[in-house]
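[1] dropping the sequence and predicted coords here.
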Amino acid sequence: MTQFTVEQAMQAALDHYRAGRRTDAESICRLILAAQSDHGEALHLLGLLAGHAGRNNQAADLIRKAIAAAPGNPAYRLHLGRFEQDLGRLDAAIACYQQALALKPDLAEAHYNLGIAWKAKGQDEQAVASYRRAIALKADFAPAHNNLGMALIDMGRHDQAVACFERALALEPDSALVHNNLGMAQARSGLPQAAIACYQRALSLKSDCVEALCNMGNALSAMGDLERAIACFQRALLLRPQFVAAHNALGTALRQQGHLDQAAAAHQRALEIDPGRAETHAALAAVWNDAGQLDRTIVCLCHSLLLDPTCTITHNSLIASLHFHPDTVPETLAAEYRTWNRQHAQPVRRLIRPHSNDRDPHRRLRIGYVSPNFRNHPVGRFMLPLMRCHNHAGFEVFCYSSSRETDKITATLKSHADVWQNIVGLSDEQAADMIRQDRIDILVDLTMHMVESRLLIFARKPAPVQVTYLAYASGTALDAIDYRLTDRHLDPDPALDRFYTEKSIRLQGTYWCYQQSIDTPPVSELPAIAAGTITLGCLNNFSKVSPAALETWARLLNRLGDARLVLHARNSAQREIAARFMADRGITVDRLQIVGWMAPEEYFENYLHIDIALDPFPFAGGTTTCDALWMGVPVVTLSGRLAVGRAGVSILSNAGVPELIARTADEYVQIAADLAADRPRLIELRATLRQRMLSSPLMDASRFARDVEDAYRTMWQTWCEK
């Protein structure tokens, strides 16, 4: 071929390629290369054709030859980067894009592709910078606006993400993908209704958009509309039976409905499709937890963490589950705490900045409380007396609420706060920045490792003094948290303080201060008088009811002969576990009553029919123990080694009935049996326990608030002296 003929042939090959006639284009390229083996454009086009055919390795090799023939062409390096990325060679892809940009800095597509590669490597900040540069060079680059929005969602910058998707839709209004993504940003911002409208628009444009169906189901689940959510997931699975996310979402919704067998089957189907998904193992763990199968729960959580050790939520669940397991010892918890701190907190330690708070030891302090549970929840209820009695002359009280639910308790707590900040939808970084800007002196965590924990706010140390309190009597493992509140009954042995990373501050009186948040019935006559038999009861969450506790209660029932037992179990699996366990030990069905979900009023009415409450172990009750005493029902508790197993010890000691505290399971049975046989003692306790509560430290809110505030002041003075 002459040079003129080669150029004409190359143009013909390009025309065939653009028209989709790839076989013809390939034939011409090969003719050109037969005549001129180092023809860069022919090598490049042949590489693109190989890529279209799925031969990515061959494509990359051909384009490398094109680059060798024409090293100054940035497009060749751009396209080589795409194939390197498809082959999973992200570092090589990034190098290609950077080389293309060195040749042509204003190549918007190279910045865009570089953003995709950075995102795949988990480098969100670099990805955002690359997408922004692509948009600066090409303002109508709709995919760049969309991808920037997705990166911002992952960084918790949901408002900014919404703006990106809206700009992308202004450019491509009929993109189902972008409508779906806008819905995701709205959902993360706490706007499920707006999210659902976006998903519906996506589905109107693309009826088989299974991602939009699944996301709409998730939004409906968040609103409590589980039936419609399940219908969305099932429709998505009809369209794409192998859609793992839909199987998992379906399983979660079924678990929330209490259909645990069906939920487990959905997650197990997801594992059959893709056994390497960490989130599936974690979702299955939640099912086993609800079913009371703690060993299987922990196995699934550990498996999930092996697959994704960076998942804070799963690691939180593992630590919370270990607190419920009867075989857990302080050494086990301490080791897992260290792993958690190393894996999740240490990577953000670089974000900690010096604090410029005024070091006046006597000035008015700004106290910040962080919780997702400022509502009708044990945390919200126990915060009521402290918030009501805070000395606002000495302490300015801020609440940082991440709760999507609000109720009367929320309104009451809000009325006692000086400043109420809603952090729903804010990333940990954004929330930490807000707290720092509010110049909080002492920041208090109220969640620890329980659901919706925000410990990674604390890992950024936005306040000079940080404390953990109330979620459960334990620690956090977080180096950035300085103190934990406790009392002498929860932690009587200072030698065990070495297992906590925080310094233990023992309050002078009680860890808990109790206040009734609703109107409760007056204390009734002892139920055994009318029933002719003793009724035992445990209205705690069934997740606290260990096999060891059930075994002890079965022994007690067999010893008492005709006594009855009332248990609280929310789903059929839990009810079956309890019924089968008791039946295997000779307890007939007529002696066991299992109650399900109860409204607060109904919950308190149940105590009108219970003579003796049984505290579960190894994780003891807190709120339920106080509620039982308030209703005149004595509670028998077993003193545990861990602080979470000593809540009953603290509450009963402060209520003035330490004789109800057992040191062993045998003693537990003996105390309960002796009490059941002593009707005059039961009648006397029934008549006096409420008044004992009222006159005890458990309900002396002013004293309790001063005790907590004295602890805060001591912490502050210590920091000022450093």
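    Received, thanks.

[2] and residue 489, how far from residue 701?
    According to Cβ to Cβ, to the nearest Å, residue 489 and residue 701 sit 19 Å apart. Placement of C-beta: from N, CA and C, glycine included.

[3] which one of the two is surrounded by more residues?
    residue 489 (24 against 18; other Cβ atoms under 10 Å).

[4] setting the sequence-adjacent residues aside, check what's closest to that one.
    Computed as Cβ to Cβ, 6 or more residues apart in numbering, the closest residue to residue 489 that is not its neighbour in sequence is residue 650, at 3.8 Å.

[5] give me the pLDDT value at that neighbour.
    Here the pLDDT value assigned to residue 650 is 97.

[6] what residues sit buried inside the helix or strand where it lies?
    Using DSSP states H and E, the element containing residue 650 is helix 647-655. Of all the residues in helix 647-655, those buried under the rule 16 or more other Cβ atoms under 10 Å are 647, 648, 649, 650, 651, 652, 653, 654, 655.

[7] now for the lowest-mean-pLDDT helix or strand in the chain, which elements pack on it?
    Using mean pLDDT, DSSP states H and E, the weakest-scoring helix or strand in the chain turns out to be helix 3-18, at a mean of 87. Counting contacts by 3 or more Cβ pairs under 8 Å, 6 or more residues apart in numbering; DSSP states H and E, helix 3-18 is packed against helix 22-35, helix 40-52.

[8] the helix ranked longest in the chain packs against which elements?
    Of all segments of type helix in the chain, defined using DSSP state H, the longest is helix 701-721. Counting contacts by 3+ Cβ pairs under 8 Å, 6+ apart, helix 701-721 packs against strand 365-371, helix 378-389, strand 442-445, strand 465-468, strand 483-487, strand 503-507.

[9] apply 7 Å and report the result again.
    Using 3 or more Cβ pairs under 7 Å, 6 or more residues apart in numbering; DSSP states H and E as the contact criterion, the elements in contact with helix 701-721 are strand 365-371, helix 378-389, strand 442-445, strand 465-468, strand 503-507.

[10] any idea how this protein splits into domains?
    Under automatic domain parsing, the residue ranges defining each domain of the chain are 362-513+703-721, 527-699.

[11] can you redo these as TSV with distance to residue 214?
    Listed next are the domains of the chain as TSV, based on distance: least, Cβ to Cβ, whole Å:
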stretch	distance to residue 214
domain 362-513+703-721	20
domain 527-699	24
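
[12] which among these is found nearest to residue 10?
    Nearest to residue 10 among those is domain 362-513+703-721; the distance by Cβ to Cβ comes to 51.0 Å.

[13] how long is that closest one end to end?
    End-to-end distance of domain 362-513+703-721 (Cα to Cα, to the nearest Å): 12 Å.

[14] tell me the average confidence for it?
    When the per-residue pLDDT values of domain 362-513+703-721 are averaged, the result is 96.

[15] quick one: it to chain centroid distance?
    Between the mean C-alpha location of domain 362-513+703-721 and the chain-wide mean there is a distance of 19 Å, by Cα atoms, centre = their mean, to the nearest Å.

[16] how about stretch 352-363?
    On the basis of Cα atoms, centre = their mean, the separation between the geometric centre of stretch 352-363 and that of its chain is 31 Å.

[17] what about it, start to end distance?
    End-to-end distance of stretch 352-363 (Cα to Cα): 25 Å.

[18] for it, which residues meet the burial criterion?
    Of the residues in stretch 352-363, those scored as buried under the neighbour-count criterion (16+ other Cβ under 10 Å) are 355, 357.

[19] same deal with stretch 452-461?
    Across stretch 452-461, burial judged by 16+ other Cβ under 10 Å covers 453, 454, 455, 456, 457, 458, 459, 460, 461.

[20] which residues touch the first one?
    Spelled out, it's residue 453. The contact partners of residue 453, taken as Cβ atoms under 7 Å, 6 or more residues apart in numbering, are 316, 447.

[21] from residue 428, how far out is it?
    For residue 453, the distance to residue 428 (Cβ to Cβ) stands at 10 Å.

[22] which strands and helices lie in contact with the host helix or strand of residue 180?
    Using DSSP H and E, residue 180 falls within helix 176-188. For helix 176-188, the contact count by 3+ Cβ pairs under 7 Å, 6+ apart identifies helix 142-154, helix 158-171, helix 192-205, helix 210-222 as packing neighbours.

[23] what's the closest of these to residue 383?
    When the helices and strands packed on helix 176-188 are compared for distance to residue 383 using Cβ to Cβ, the nearest one is helix 210-222, at 24.4 Å.

[24] show me what counts as buried in that closest one.
    Judged by neighbour count using 16+ other Cβ under 10 Å, the buried positions of helix 210-222 are 210, 211, 212, 213, 214, 215, 216, 217, 218, 219, 220, 221.

[25] what is the subsequent helix or strand relative to that helix?
    Scanning forward in sequence from helix 210-222 by DSSP H and E, the next helix or strand is helix 226-239.

[26] could you pull out the strands in the stretch 301-450 of the chain for me?
    Per DSSP state E, counting those that start in this stretch, the stretch 301-450 of the chain carries strands over the ranges 365-371, 395-401, 419-422, 442-445.

[27] so which of these is the most surrounded?
    Of the strands of the stretch 301-450 of the chain, the one with the most neighbours on average (mean count of other Cβ atoms under 10 Å) is strand 442-445, at a mean of 26.

[28] and the contacts of the next helix or strand after that one?
    Going down the chain from strand 442-445, the next helix or strand is helix 455-458, by DSSP H and E. The contact list for helix 455-458 (Cβ under 7 Å, 6+ apart) reads 312, 344, 348, 370, 428, 431-432, 443, 445, 466, 476, 478, 480-481.

[29] and the residues you listed as a markdown table, adding distance to residue 257?
    Converted to a markdown table, the contacts of helix 455-458 look like this (distance: Cβ to Cβ, whole Å):
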| residue | distance to residue 257 |
| --- | --- |
| 312 | 27 |
| 344 | 32 |
| 348 | 37 |
| 370 | 31 |
| 428 | 31 |
| 431 | 32 |
| 432 | 36 |
| 443 | 37 |
| 445 | 32 |
| 466 | 39 |
| 476 | 33 |
| 478 | 35 |
| 480 | 39 |
| 481 | 37 |
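
[30] any of these buried? List them.
    Burial by neighbour count, judged by 16+ other Cβ under 10 Å, picks out 312, 344, 348, 370, 428, 431-432, 443, 445, 466, 476, 478, 480-481 from the contacts of helix 455-458.
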